[in-house]
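In: Next one to model:
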Amino acid sequence: MRILLIGAGVSSTSLLKHLTELNLDENVLIDLVDSKNHIGRGQAYIEDSDVLRANVPVSEMSLDKDATHYERWLKEQGYVVDRFSSRRQFGEYMEDVLMSIVRANDNIQVIKDKIEHLDYDGQLFHCQIGNKEKCYDIVYLGIGMLEYMDPYELKGMENFIYNPYPIIKELKDVKQNVAIVGTGLSGIDCLRYLLIERNLGKVYMFNRSNELPAVRGTHYDFNFEYFTRDTLLKYVQDEQFTLENVKSLFIKEMRYQEISLELFERKSGDIIKDLQFDVDHPDTVGKLEYFLIEFNKIFTPFLHLLSKAEQKKLFEEYQPYISSNYSPMPREVATHIIEWLQSGRLEMIEDLEEIEKRELFILTADEKQYEMDVVINATGTNMDITSTKEPLVQLLYMKKLIEPHHLGGLKVDSHYHVVSPKYGVIKNFFAFGELTIGMTYLSNAVFDIFDMTREIAIEIKQTANNPAKNKKTD
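Out: Numbers count the residues shown, from 1 in each chain. Take a look at the predicted model:
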């Protein structure tokens, strides 16, 4: 039996670690395919500037059941261990974990190349990797992020930086009069590099809304009393699993844990004031942030049971409140941003309406126009598989092996089997990660991915042990 893992980032590395720990038969051959720069690192943790910080604490980033695994590795390498590491360091760690697995298992092969073609005949996958053709019994799609959005249609224009990563390469020649479009974590990466490492005098950040992510607070562990898996299962069994009941249970749990609902409304529009509140109240905001992490663990397996209309309502009405508190920035990053705003090195401009390219870029925001030499795109990734330019995803969509999920990404069932418009649920085709947002919801942190891929590994082992029983379902 042959297994193909596409992508060598967090999810594939986690899956491979679980498969080897489950003692998968050594006669099962595994090929791991990714480009040379991404092997063992994925797109998020490639070699880059050390000013780019992970937004999750070191204690929550181990690719091991031992939560201290990453911290011990950092110490062994001679790194000073802070609460947050650089993303480069985590990429180095992940690559070390992956290559240690590969060296210890002769049945695992790393292929540094591109997938040129992939098709399915109802039983086997036929794949062309580089100029070689192979067949596989099981395929795992873990390619991570798709390409960046281009909402102002500027891609290809001179001095427009469509994808800023790796930042040390793409932004090394940027000088003055630069605009960053987007105030999420990618925008903050660009900002820190330009003001810390490049020491630019001033940077402008533009967005449609004048908000930044929350600030990481104190770690809390929770034992939920009301919002539990058993309670949600009871709702499902009684045909009462509705968004309104989920919301009521969520609020009841928040009150039981003595967390104020008003924290969701704490943003005032004054960025310095909002950041300073989070910096000054680490216990208060940390309790909310880690409450949401526990909520996500319990709720995610049930999300797909809501009707499409209720899922849409959740993402449109409630998700912005949750998201703004779910991927918070490190305290050190927030204090720098406050200092830059106060000193004038950073100017944030909201209500961005349009960007035109003339001799310079003309950005129109709040009925004013700003002339910029360089525009950096930090607007996030395009999750619409029908319009993506990612070649492999385009191919799979054209072959009707994948179909779009109404919340973005592609459709999978509750076990992460790919749902195909041509074949139905393909039980030997798995997908996980950012592409499966409709099923994984907010589960994009390293500890989430490591935990959740274990269930996929268990099923792959069962499939490998019983190949005749696990071909496809219509």
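In: In terms of pLDDT, where does residue 70 sit?
Out: With respect to pLDDT, residue 70 has a value of 97.
In: Residue 216 - nearest residue in space that isn't next to it in sequence?
Out: Nearest residue to residue 216, sequence neighbours excluded (CB to CB, 6 or more residues apart in numbering): residue 328, at 4.3 Å. Backbone N, C-alpha and C define where each C-beta goes, glycine included.
In: Kindly tell me how buried the one you found is, as a neighbour count.
Out: A count of neighbours around residue 328, defined by other CB atoms under 10 Å, yields 23.
In: same question, residue 422
Out: For residue 422, the neighbour count with other CB under 10 Å is 13.
In: dump the residue contacts of it.
Out: 399-401 (CB atoms under 8 Å, 6 or more residues apart in numbering).
In: what do you get if the cut-off is 7 Å, keeping everything else the same?
Out: For residue 422, the set of contacting residues under the criterion of CB atoms under 7 Å, 6 or more residues apart in numbering consists of 400-401.
In: and what of residue 377?
Out: Under the criterion of CB under 7 Å, 6+ apart, the contact list for residue 377 reads 148, 150, 160-164, 181.
In: can you list those in TSV and add neighbour count, pLDDT and distance to residue 221?
Out: Supplementary listing: those in TSV, determined by neighbours: other CB atoms under 10 Å; pLDDT from 0 to 100; distance: CB to CB, whole Å:
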residue	neighbour count	pLDDT	distance to residue 221
148	21	91	36
150	16	94	42
160	18	97	45
161	22	97	41
162	17	96	41
163	16	94	38
164	21	94	36
181	26	97	38
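In: can you map out the strands along the stretch 251-400 of the chain?
Out: For the stretch 251-400 of the chain, the strands defined by DSSP state E, counting those that start in this stretch cover 346-349, 352-357, 361-365, 368-372, 374-377.
In: List just the one of those strands that sits closest to residue 125.
Out: Counting by CB to CB, residue 125 lies closest to strand 374-377 out of these; the figure is 34.3 Å.
In: For the closest one, C-alpha coordinates in PDB please.
Out: As requested, C-alpha coordinates have been extracted for strand 374-377 and formatted as PDB (Å, rounded to 0.1, in the frame of the first residue of the first chain):
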ATOM      1  CA  VAL A 374       5.000  51.000  -2.300                       C
ATOM      2  CA  VAL A 375       1.900  49.100  -1.300                       C
ATOM      3  CA  ILE A 376       2.200  45.800   0.600                       C
ATOM      4  CA  ASN A 377      -0.700  43.300   0.400                       C
END
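In: Name the strands paired with it and say parallel or antiparallel.
Out: Strand 374-377 has its sheet partners listed here by DSSP bridges as strand 160-161 (parallel), strand 178-181 (parallel).
In: Out of these, which gets nearest to residue 19?
Out: For these, proximity to residue 19 was assessed by CB to CB; strand 160-161 is nearest, at 38.4 Å.
In: before we move on, the earlier item: from the strands of the stretch 251-400 of the chain, which stretch is densest packed?
Out: Most buried of those by mean neighbour count (mean count of other CB atoms under 10 Å) is strand 374-377; its value is a mean of 24.
In: What mean pLDDT does that strand get?
Out: The average pLDDT for strand 374-377 rounds to 98.
In: Stretch 444-453 now?
Out: The average pLDDT for stretch 444-453 rounds to 88.
In: Repeat that for stretch 257-275.
Out: Mean predicted lDDT for stretch 257-275 stands at 95.
In: Paired strands for the lengthiest strand in the chain, with orientation please.
Out: Among the elements of type strand in the chain, defined by DSSP state E, the one spanning the most residues is strand 424-431. Taking DSSP bridges as the criterion, strand 424-431 pairs within the sheet with strand 138-141 (parallel), strand 417-420 (antiparallel).
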